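Trainee: sequence plus the predicted model coming up.
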Amino acid sequence: MSDSDVFKIRPAGRHILTIGRDLIQDPYAAVVELVKNAYDADATKVTISFLKYVTSRETLLDGSEEIHHGIKIIIDDDGHGMTRSVVTDKWMVPSTDDKQIRKMSPNGRIMQGRKGIGRYASAILGNDLLLKTISAEDNNRTELLVRWSDFETATYLSDVDILIETSATSEDAGTNLLMTGDESFLQEWNDTQFKQLKKELKKLMTPVKDTKISQDSSFDIYLTIKGFDSVDLENEKIEPFPLFNLYDYRISGKINEDGKGLLVYEMQKARNSLPVNIEFNYGKPTKCGAVDFDIRVFDREKEAIDDLINRGLKDDSGNYIGKLEARRLLNENNGIGVYRNGFRIRPLGDPDFDWLELNRDRVQNPSKKLGSDQVIGIVSVENEEKSGLIEKSARDGLKENVSYESLKELTKEIISKIEERRFIYRSKAGISRKTLKVEKEFERLFSFDNLKKNVQSSLIRGRVDKTTSSEIMGAIDAQEKVQNAAAEALRETVAIYQGQATLGKIVNVIIHEGRKPLDFFKNQIPIFKKYYEQYEKGKIEVLSTLYDKVLKIADNSQVLTNLFKKIDPLAAGKRGKKKPEFIKAEIENDFSVFDSELTNIEWSVKISENKDVTVECWKQDVYSVFTNLIENSIFWMTKMNVPKKKIFVDIHVINDSVDYIDYRDTGPGIEKHLIESGVIFDPEFTTKTECGTGLGLSIAGEAARRFGYDLKALYSESGAYFRLERLEDI
């Protein structure tokens, strides 16, 4: 190979502008990148100054003066500065891996910069950059001037010459970046933009200064704005939003990379409430490393806003703010941010960036689910190597890989823990919408017992004669019969709807079971056509092959027939009358619906006597109870990756009558506070973060009552435990 065959990649002059102006998302991101560089330099203080200044004056023909303005943006820190060699060999080298290799600053801070391009974000802030840096290592001052227009016109990056001057100095160490821009850069900044910048800076660092989640607490940011008409600031210290410590509910803690950890639930909504420790088990490795959480929730009702203000929500002058201002703060400053080493990864945590899709989920279940405007939180992740969470070069979020999806799923699981406890508290306190249990409401709505007692008492006190009293009570009895008939019709309709809702829950199972025979039929059509053509040509021997195919068609047809037979009670449009059904056989039939789902799950239905006994019921109701229980067991044992998956049903019989039925599995079980509160049977309540409707156990409980049993959840250290107990009054 000759020298003429060898070439080198030569970056164009515009390359620097591509990784500066074009790659960085917006001016706020540019300022944030330069502030992070100050942090990496072990600075304790960084000051950001915006100065509007006069660039030129022009006298017009009418004698008036036209004044032109520009902008100066200064970022000044008191860090250790850079030596001349660091400037030439690292600062001026795009995409250097220096910080990635070092990882830690001289004073032990974890480096924020990893891509080696953050400093070129200054190109989005002005036409020129003047760098002045004083090194604590050798007490030398190094200066250089970068004119970004030189890169626009240069053919190759190497064609741009940058003059660097170094001299001895006695000044304190630190780095000063002066970015000068013309009117086009000045127009990027007004009152609205400065407010947004302050929000970005307030959210840049975690608001928690006293925990391991936070970055070095000795790092302070100051902002100065001068010369702008509507804004005038002088060294204003950037402080976190005051909302963070005024939460109604809070959950915090650490989840290790194996998916296990300890969470703490706290509430300021009620006085004297104590923190609650929660043992958390994700059931699998996180796939995103160890994660720290601190999520705080705010109710939005009028009374909740009053409580928020009374807890200490004040303005910068120390005065309590009004309700409208409080709502505005919640609207503008909510969001769950993702932080690394104490600094936020933009835009995760912005109010309009609902990366967890909380608002979408809340539409399905507004009583329990939280919206993005109700939460302010911190999700703190490890470095890229440990977490797999890779920040995009454009500083506009994380790459959407497996680790990112796992972080979303894990965070929603953590949020579900606070949603559960908030739902219970609000239900007990009468704050949330009261859940409706259909069967109990029917009993209350159509019961005439209290009316009869009150009327009878009034008739006796009024000394109404017996004939008149009998006529009045007879009229009430007649109306009661009419109302009860209407109630029964409604009960039947509701029961049918609940059965069909249960059918909807297992539709995936039905599709899976039905697809096999249907695929077989579809595949046989061209084969039959082929054999028929051969038969027409006189090949009679193909008939034996066709006969074998017909037998297989019969077998697959029977699979479909059996499947439809299994689910037919749930799909029925009418219920008929209750009749005795062999309960063990019915429960076993319910399990058979899930044949494909139960291949790796051991299950059994046992009865205390060696003969099946009957229960007077509707088959649909037995289906509704057990298909919901079985579906839940399969879901949780699979999700939590339980090594030995088992389901046990024990039917206890006394005097040829079913006294109670125990249903147990070896899954993760149900937390004690959920059982004690009874909330798991409330409509809309679910612990499934993605696919739950909150209807399954509610439907199962009402179906059980229709055939004379009460469905209860019992606490167990080893899996879910339900009991169907005979009601004495039925």
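Mentor: It's in. Residues are numbered from 1 along each chain as shown.

Trainee: quick one: residue 201 and residue 134, what's the gap?
Mentor: Counting by CB to CB, to the nearest Å, the separation of residue 201 from residue 134 is 25 Å. C-beta: built from backbone N, CA, C; applies to glycine.

Trainee: I'd assumed residue 419 was in a helix, is it?
Mentor: Yes. Assessed by DSSP: H, G, I helix; E, B strand; the rest coil, residue 419 belongs to a helix.

Trainee: could you pull up the contacting residues of it?
Mentor: Applying CB atoms under 8 Å, 6 or more residues apart in numbering to residue 419 gives the contacts 368, 369, 370.

Trainee: wait, which of those is closest to residue 724?
Mentor: Closest approach between those and residue 724, by CB to CB: residue 368, at 26.0 Å.

Trainee: helix, strand, or coil at the closest one?
Mentor: Applying three-state DSSP: residue 368 is coil.

Trainee: what does the pLDDT read for it?
Mentor: pLDDT for residue 368: 82.

Trainee: before we move on, what about residue 464?
Mentor: With respect to pLDDT, residue 464 scores 74.

Trainee: just the one 3 residues further on next, same as before
Mentor: In this model, residue 467 is scored at 81, pLDDT.

Trainee: same deal with residue 361?
Mentor: Note for residue 361: predicted pLDDT of 83.

Trainee: ok, now residue 395?
Mentor: Model confidence at residue 395, given as pLDDT, is 67.

Trainee: and if you look at the one 4 residues further on?
Mentor: Confidence per residue is given as pLDDT, and for residue 399 that number is 91.

Trainee: who has more neighbours out of residue 201 and residue 134?
Mentor: Set residue 201 next to residue 134 and count neighbours by other CB atoms under 10 Å: residue 134 wins out with 24 against 19.

Trainee: wait, that one touches residue 169, no?
Mentor: Yes. Residue 134 lies in contact with residue 169 (CB atoms under 8 Å); the separation is 5.9 Å.

Trainee: need the residues touching each of the two.
Mentor: Residues touching both residue 134 and residue 169 (CB under 8 Å, 6+ apart): 140, 141.

Trainee: end-to-end on stretch 173-186?
Mentor: In stretch 173-186, first residue to last residue: 30 Å (CA to CA, to the nearest Å).

Trainee: isn't residue 163 up against residue 147?
Mentor: No. Using CB under 8 Å, residue 163 is not in contact with residue 147, being 10.7 Å away.

Trainee: which one among the contacts of residue 419 gets closest to residue 601?
Mentor: Proximity of those to residue 601 (CB to CB) peaks at residue 368, which lies at 28.9 Å.

Trainee: next one: that closest one from residue 670, what distance?
Mentor: Note on residue 368: its distance to residue 670, by CB to CB, is 16 Å.

Trainee: between these two, tell me which one has more neighbours.
Mentor: The neighbour comparison of residue 368 against residue 670 (other CB under 10 Å) goes to residue 368, with 26 against 21.

Trainee: report the separation between the closest residue to that one other than its chain neighbours and residue 686.
Mentor: Spatial nearest neighbour of residue 368, excluding adjacent residues (CB to CB, 6 or more residues apart in numbering): residue 423 at 4.7 Å. Separation of residue 423 from residue 686 (CB to CB): 10 Å.

Trainee: so residue 176 is in contact with residue 133, correct?
Mentor: Yes. Using CB under 8 Å, residue 176 is in contact with residue 133, at 7.3 Å.

Trainee: between the two, which one's more packed in?
Mentor: More neighbours surround residue 133 than the other of residue 176 and residue 133, with 26 against 16 (other CB under 10 Å).

Trainee: name the helix or strand for that one, please.
Mentor: Using DSSP states H and E, residue 133 maps to strand 128-134.

Trainee: contacts for the strand ranked longest in the chain, please.
Mentor: Ranked by residue count under DSSP state E, the longest strand found in the chain is strand 45-59. Strand 45-59 is contacted by residues 31, 35, 38-39, 65-78, 182-183, 186, 189, 194, 201, 219-228, 235 when judged by CB under 8 Å, 6+ apart.

Trainee: in ChimeraX, select just the buried ones from these.
Mentor: This is how ChimeraX selects the buried members of the contacts of strand 45-59, with burial counted by 16 or more other CB atoms under 10 Å:
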select :31,35,38,39,70,71,72,73,74,75,76,77,78,186,189,194,201,219,221,222,223,224,225,228
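
Trainee: quick one: which of the contacts of strand 45-59 sit in helices?
Mentor: 31, 35, 38, 39, 183, 186, 194, 201 (DSSP state H).

Trainee: pull the most distant pair out of these.
Mentor: Within those, 39 and 183 form the most distant pair, 31.8 Å apart (CB to CB).

Trainee: follow-up on the earlier one: show me what contacts the residue nearest to residue 368?
Mentor: 367, 368, 432, 679, 685.

Trainee: do the same with residue 137
Mentor: Counted by CB under 8 Å, 6+ apart, residue 137 has contacts 80, 81, 83.

Trainee: tell me how many other residues surround the closest residue in space to the first one that isn't next to it in sequence.
Mentor: Once its chain neighbours are removed from consideration, residue 80 has its nearest residue in residue 136; the separation is 4.5 Å (CB to CB, 6+ apart). Residue 136: 17 surrounding residues under other CB under 10 Å.

Trainee: equivalent analysis for the one 5 residues further on, please.
Mentor: For residue 141, the neighbour count with other CB under 10 Å is 18.

Trainee: and the most centrally placed residue in the chain, how far from residue 603?
Mentor: By CA atoms, centre = their mean, the mean C-alpha position of the chain lies nearest to residue 412, the distance being 3.4 Å. For residue 412, the distance to residue 603 (CB to CB) stands at 30 Å.

Trainee: cool, and residue 60?
Mentor: For residue 60, the distance to residue 603 (CB to CB) stands at 92 Å.

Trainee: who has more neighbours, those two?
Mentor: For residue 60 versus residue 603, neighbours defined as other CB under 10 Å are more numerous around residue 603 (17 against 8).

Trainee: mind checking the SS state of that one?
Mentor: Following three-state DSSP, residue 603 is assigned to strand.

Trainee: chain neighbours aside, what residue packs nearest to it?
Mentor: Here the residue nearest residue 603, using CB to CB, 6+ apart, is residue 647, at 4.2 Å.

Trainee: dihedrals phi and psi, residue 721?
Mentor: phi -140, psi 110 (degrees, to the nearest 10).

Trainee: can you show me the strands along the stretch 351-500 of the chain?
Mentor: 375-381 (DSSP state E, counting those that start in this stretch).

Trainee: where does it have low pLDDT?
Mentor: For the stretch 351-500 of the chain, the stretches with pLDDT under 70 are 394-395, 432-449, 451-452, 455, 480, 482-500.

Trainee: ok so, going back, ok now the longest strand of the chain, how far from the chain's centre?
Mentor: Remark: strand 45-59 is offset 44 Å from the chain centroid, using CA atoms, centre = their mean, to the nearest Å.

Trainee: quick check: the gap between residue 68 and residue 55.
Mentor: Using CB to CB, residue 68 is found at 5 Å from residue 55.

Trainee: identify the contacts common to the two.
Mentor: In contact with both residue 68 and residue 55: residue 183, using CB under 8 Å, 6+ apart.

Trainee: neighbours around residue 106, how many?
Mentor: 12.

Trainee: please disregard the earlier target; I meant residue 354.
Mentor: When neighbours are counted by other CB under 10 Å, residue 354 registers 17.

Trainee: do residue 698 as well
Mentor: Residue 698: 25 surrounding residues under other CB under 10 Å.
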